[in-house]
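*Asks:* the sequence and its predicted three-dimensional model are supplied below.
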Amino acid sequence: MGLGKSRQVSAFLRGLFNSNLISKAIIVAPLSVIYQWKPELTKVGLQSKMFTEGNSKIHLTALENVGKEGGIVLTTYETIRDHKQKISDKLGTVDYIFADEGHRIKNEAGKASKALKGIRCDHRIVVTGTPIQNNLMEFYSLMKFCNPTLLGNKEEFKETFLVPIDRGKFKGSTPSARRKAIESSEDLNKLVSPFVLRRSKMTLKDSGRIKANKYEVIVWVKISAHQANLYEALMVDPNPRSRKHGGAFEISKYRWNDKRQEYFTTI
């Protein structure tokens, strides 16, 4: 996203290592970006502490050395998912885990998310430019990874935040529902703000790195007969899981206006 997240993490790690506050850290990232971390860590003088992911005997020996002597493990979500036990056994307890492109663990029931949680660690940090891609349950999963008790269990989060916020979104919502949605959103923001370091695009704009403005436009369109049939079929579906709060189907229902039969999208 160009906000300097990897450089900020690298500088943070340099300070921790140089102050002898930590000895072992893991940076997990998608394969497509994992090698972008090497130049950033090298710039801050941590090149001697890096170990790149792998499953050969050479890599496992190097991993064992990190477990004994300390260092930074660069690995991917797929490697963590497939070899979590080996990595955990070789490293023991690590000081920090950084989950780059953290939306990859937005599903807490996913194998990669479960594997990452299974590694013994003192501190966890999610690094992402898109903490919410589809719904608030994704944000809940990321926060639970970092701070498991902050937002309560899943049902408590749904009742306190997800449901009232979602109910205030659709066009036909009542004034009281919209007020409740705003209040719940503000309460959630107050609760998580001490644990979220956010850099917006405005930071880059103020620095002169971004020149153009970004505009979002809501366009109302008439749905087709086929879409209307799909919606009606969904509403009479006996399977309650299709309409659970936080799911894509539920959000589609909230954004639907039955009287005018219109649907909106953002471009």
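*Replies:* Sure thing, it's come through.
*Asks:* distance-wise, check residue 90 relative to residue 97.
*Replies:* 15 Å (C-beta to C-beta, to the nearest Å). Where C-beta positions appear, they are placed from N, C-alpha and C, glycine not excepted.
*Asks:* same question, residue 62
*Replies:* As judged by C-beta to C-beta, residue 62 and residue 97 stand 18 Å apart.
*Asks:* who has more neighbours out of the two?
*Replies:* Here residue 62 and residue 97 are compared on neighbour count by other C-beta atoms under 10 Å; more neighbours surround residue 97, at 24 against 18.
*Asks:* surely that one forms part of a helix?
*Replies:* No: applying DSSP: H, G, I helix; E, B strand; the rest coil, one finds residue 97 to be strand, outside a helix.
*Asks:* how about it, what does it touch?
*Replies:* 25, 26, 28, 116, 119, 121, 123, 124, 125 (C-beta atoms under 8 Å, 6 or more residues apart in numbering).
*Asks:* surely the second one is within a strand?
*Replies:* This means residue 26. Yes: residue state for residue 26 (three-state DSSP) corresponds to a strand.
*Asks:* quick one: contacts for it?
*Replies:* 72, 73, 75, 91, 94, 96, 97, 98, 119, 121.
*Asks:* can you say which of the contacts of residue 97 are buried?
*Replies:* 25, 26, 28, 116, 119, 121, 124, 125 (16 or more other C-beta atoms under 10 Å).
*Asks:* the first one contacts residue 94, correct?
*Replies:* If I follow you right, that is residue 25. Yes: taking C-beta atoms under 8 Å as the definition, residue 25 is a contact partner of residue 94 at 6.2 Å.
*Asks:* where do the contact lists of the two overlap?
*Replies:* Common contacts of residue 25 and residue 94 (C-beta under 8 Å, 6+ apart): residue 73.
*Asks:* shaky segments in the stretch 1-150 of the chain?
*Replies:* Residues of the stretch 1-150 of the chain meeting the criterion pLDDT under 70: 1-3, 48-60.
*Asks:* repeat that with 80
*Replies:* The model of the stretch 1-150 of the chain has pLDDT under 80 over residues 1-3, 47-65, 130-134.
*Asks:* which residue ranges of it form helices?
*Replies:* Using DSSP state H, counting those that start in this stretch, the helices of the stretch 1-150 of the chain run over residues 5-18, 37-43, 57-69, 77-91, 111-117, 136-146.
*Asks:* which of those helices sits most buried?
*Replies:* helix 136-146 (a mean of 21; mean count of other C-beta atoms under 10 Å).
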